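[1] Give me coordinates for this.
(chains A and B)
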Amino acid sequence: GAVVSQHPSWVICKSGTSVKIECRSLDFQATTMFWYRQFPKQSLMLMATSNEGSKATYEQGVEKDKFLINHASLTLSTLTVTSAHPEDSSFYICSAPTGTVYNSPLHFGNGTRLTVT
Amino acid sequence: TQLLEQSPQFLSIQEGENLTVYCNSSSVFSSLQWYRQEPGEGPVLLVTVVTGGEVKKLKRLTFQFGDARKDSSLHITAAQPGDTGLYLCAGVAGGYNKLIFGAGTRLAVHP
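    Numbering: from 1, shown residues only, chains lettered A, B, ... in the order given. Next comes the predicted model:
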């Protein structure tokens, strides 16, 4: 089955530094990838849609200059949390459909737990 | 922005009991999906429903999509401790190329 690999699985960083999270589709090409954020015991909040070869589409309220998304190839999207602060601590999950979201389910990575100290 | 309301948010039951989780919206969805998530992991797809009135069964789990494609339900028969987890409904509303999640139902099944 389709596999999405996310790396790292957890990261601890100091306030003010930047952290890059990678999301790879291992056995399929993904023109679109989605980045979600999940707070403890809450649901997934869509942050942005990553589009291969073009700019990401951000959800309302998500700072595009703080959460930089790059989707340079059909198998890799990256999310960089710039100038991280403790309130950015969260569980970040990427996902990708094998086709479109209308005709195929999302395959999720195992998430990245970010802790900003 | 479409909104998916999921209920109940928490459910604590004994092994062997039945339960139903609801997912409702005022928007029409081209499809609805149900996921289950374990702590520290990404969600795993259980089922996708696409046709109004559709019923799908997955062992002890029964999924239904409303006739108007605005709501869905998940029914678990004879729940087992292994069913414990976070159940999420998610939908793609017409015209939107993205999946939006409901708030989730945290289920605990006690032996």
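[2] For the chain, which residues score under the pLDDT cut-off?
    Picking chain A for this. A:1 (pLDDT under 70).
[3] wait, chain B
    Looking at chain B by pLDDT under 70, you get B:1-2, B:94-95.
[4] hey, where'd the strands end up in it?
    Applying DSSP state E to chain B gives strands spanning B:5-7, B:10-14, B:19-24, B:29-37, B:44-49, B:55-58, B:61-65, B:71-76, B:85-93, B:100-101, B:105-110.
[5] Pull up the residues of chain A that are close to chain B.
    A:4, A:6, A:32, A:34, A:36, A:41-46, A:49, A:60, A:91, A:93, A:95, A:100-102, A:105-111, A:113 (C-beta under 8 Å from any C-beta of the partner chain). From N, CA and C alone the C-beta is placed, and that goes for glycine too.
[6] Are any of the residues you listed buried, and if so which?
    Buried members of the residues of chain A next to chain B, counted by 16 or more other C-beta atoms under 10 Å in any protein chain shown: A:4, A:6, A:32, A:34, A:36, A:42-46, A:49, A:91, A:93, A:95, A:101, A:105-111, A:113.
[7] From these, which land in strands?
    A:4, A:6, A:32, A:34, A:36, A:44-46, A:49, A:91, A:93, A:95, A:106-108, A:113.
[8] Now the two most distant members of those.
    Maximum pairwise distance in these, criterion C-beta to C-beta, is 24.2 Å, between A:T32 and A:R113.
[9] Now do the contacts for the residue of chain A found nearest chain B.
    Relative to chain B, the nearest point of chain A is A:F108 (3.2 Å; C-beta to the nearest C-beta). Shown in contact with A:F108 (C-beta atoms under 8 Å, 6 or more residues apart in numbering or on different chains): A:V4, A:I93, A:C94, A:S95, B:G42, B:P43, B:V44.
[10] Dump these into a markdown table; add distance to B:P81 as well.
    Shown next, in a markdown table, are those (distance: C-beta to C-beta, whole Å):
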| residue | distance to B:P81 |
| --- | --- |
| A:V4 | 28 |
| A:I93 | 25 |
| A:C94 | 30 |
| A:S95 | 28 |
| B:G42 | 22 |
| B:P43 | 20 |
| B:V44 | 18 |
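[11] Chain neighbours aside, what residue packs nearest to the residue in chain B that chain A sits nearest to?
    Proximity of chain B to chain A (C-beta to the nearest C-beta) peaks at B:G42, 3.2 Å away. Nearest non-adjacent residue to B:G42, counting by C-beta to C-beta, 6 or more residues apart in numbering or on different chains: A:F108, 3.2 Å away.
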